[in-house]
Every structure is written in structure tokens, then in C-alpha cells.
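Undergrad: predicted model follows, preceded by the sequence.
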Amino acid sequence: MQSDLSDDPFKTAGGAGPISRDVLNRAQYEAATHGSGPLLVIAGAGSGKTRTLVYRMAHLIEQGTAPESILLLTFTRRAAQEMLWRAGQIAGQTCRNVIGGTFHATANLLLRRHGHYLGFGSGFTIIDRGDAEGIINLIKASLGLSGAGKRFPTKRMIMNIISGAINKSRSIEELIYDNHLHLT
């Protein structure tokens, strides 16, 4: 269903030329031109989320928002590349200061740039769950806590406890006493 709204906010889209309203349906148009403040958009695969996001970005720039204060995030590298490419097509050079990428890569970048405010140096290492479980196995072996006849929690159980403590801002001891009393 095409929008029949009469005012097109995308007259120049940051200097990239006129953008026709007919590329967005009514729901996309309303999301892209939403006033100030956050807006939650829930949409399925193939529904035009990326298109809506980049037009939202163009609208914000057109309304005077500084490009460097806009953050475009998605889950996969492919989607991030597509989103940033589309943003460049719509807003031209204006969007070169927009920060964007995957959630993980952007968080990594921001932590490396500004982590010192949180007490992190820029030389930290990020490991995935598989690497963490491997490290736990090495520690268990070096402490003699693994092997036949040994009763010690699995690497997955240990990772779940550590993750739960971090996610709930609780100590490991508290979490074990509350949720894993069988381990004490």
C-alpha cells in the first residue's frame, strides 16, 4: 500500500537529490519520518527494515541531526554492509560520519576508542563462548579437577554460572547458593 501523504520530507536527503516517497509504504514512511525520540519497529524478514532505517537516517540528517550522532546497527556483516551502502546511496557524502555496522563490531570499536572511561585499555581481547570453554577445560586440567572419577561441573555449567552472574550483576557465590545449591 503506497503512502498518499502530501508532504515529502526527503526533498534533498542531505544533497543526494530528490527521493520519491513511493519507495516506502505507509508504515515505512511513518517510521522513517517519526518525530524525535526512539521508535520501536517490529517487522519480519523482507519487510523493508533496512530501507526504512536508511530513510530514517536521511530524514534525521535533513532535519538537522548531526550525522556523527546517528548510529545504524544490525546483526550480520552482510546486512551492515548493505545498510551502509544504501545509506551512502541515499544521503551521499553526508552519511560518511554516521557510525554503523554490526552490534558486536561497533561495540568493539567504541570500547577500544572510549573504554578508558570504563577502566579498559585498548589492548583487550574478546573471546567467544567456545574459547572460554576451552580455557575452563585447561584450568580444570591444570588444577587436577577433570578426568575419571572427578566430580566437577562441566565447562558449560561453569560458563552458564559466570554468564548468569554477569547478566544479573550478582556474585558467583550468590548465584550458586540461590540456583545451584547441589554444587556446594
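TA: Yes, it's here. Numbering: from 1, shown residues only.
Undergrad: farthest from the middle of the protein: give me that residue.
TA: G149 (43.4 Å; C-alpha atoms, centre = their mean).
Undergrad: roughly how far apart are that one and T184?
TA: 20 Å (C-beta to C-beta, to the nearest Å). From N, CA and C alone the C-beta is placed, and that goes for glycine too.
Undergrad: so for I162, what's the pLDDT?
TA: In the predicted model, I162 carries a pLDDT score of 94.
Undergrad: wait, it sits on I172?
TA: Yes: counting by C-beta atoms under 8 Å, I172 is a contact partner of I162 at 6.8 Å.
Undergrad: skipping adjacent residues, who's closest to the residue sitting nearest the centre point of the chain in space?
TA: Closest to where the C-alpha atoms of the chain average out (C-alpha atoms, centre = their mean) is F103, at 2.5 Å. For F103, ignoring the flanking residues on the chain, the nearest one in space by C-beta to C-beta, 6 or more residues apart in numbering is L73 at 5.2 Å.
Undergrad: for that neighbour, give the beta-bridge partners.
TA: Counting by DSSP bridges, L73 is bridged to G101.
Undergrad: tell me which element L145 is part of?
TA: Secondary-structure assignment from DSSP states H and E places L145 in no helical or strand segment.
Undergrad: low pLDDT regions in this protein?
TA: 1-21 (pLDDT under 70).
Undergrad: repeat the analysis, applying 80 as the threshold.
TA: By pLDDT under 80, the weakly predicted segments of the chain are 1-22, 36.
Undergrad: helices of the chain, start to end?
TA: 26-32, 49-62, 77-91, 103-114, 129-142, 155-167, 172-179 (DSSP state H).
Undergrad: distance to E68 for those - can I get that in JSON lines?
TA: Shown next, in JSON lines, are the helices of the chain (distance: least, C-beta to C-beta, whole Å):
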{"stretch": "helix 26-32", "distance to E68": "20"}
{"stretch": "helix 49-62", "distance to E68": "11"}
{"stretch": "helix 77-91", "distance to E68": "13"}
{"stretch": "helix 103-114", "distance to E68": "13"}
{"stretch": "helix 129-142", "distance to E68": "33"}
{"stretch": "helix 155-167", "distance to E68": "31"}
{"stretch": "helix 172-179", "distance to E68": "40"}
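Undergrad: sorry, back to before: ok, the residue farthest from the centre of the chain to I126 distance?
TA: From G149 to I126 the distance is 36 Å (C-beta to C-beta).
Undergrad: with V23 instead?
TA: Look at V23 and I126: by C-beta to C-beta, they are 38 Å apart.
Undergrad: these two: who's more crowded?
TA: V23 (15 against 9; other C-beta atoms under 10 Å).
Undergrad: for that one, what are its contacts?
TA: Applying C-beta atoms under 8 Å, 6 or more residues apart in numbering, we find V23 in contact with 51, 55.
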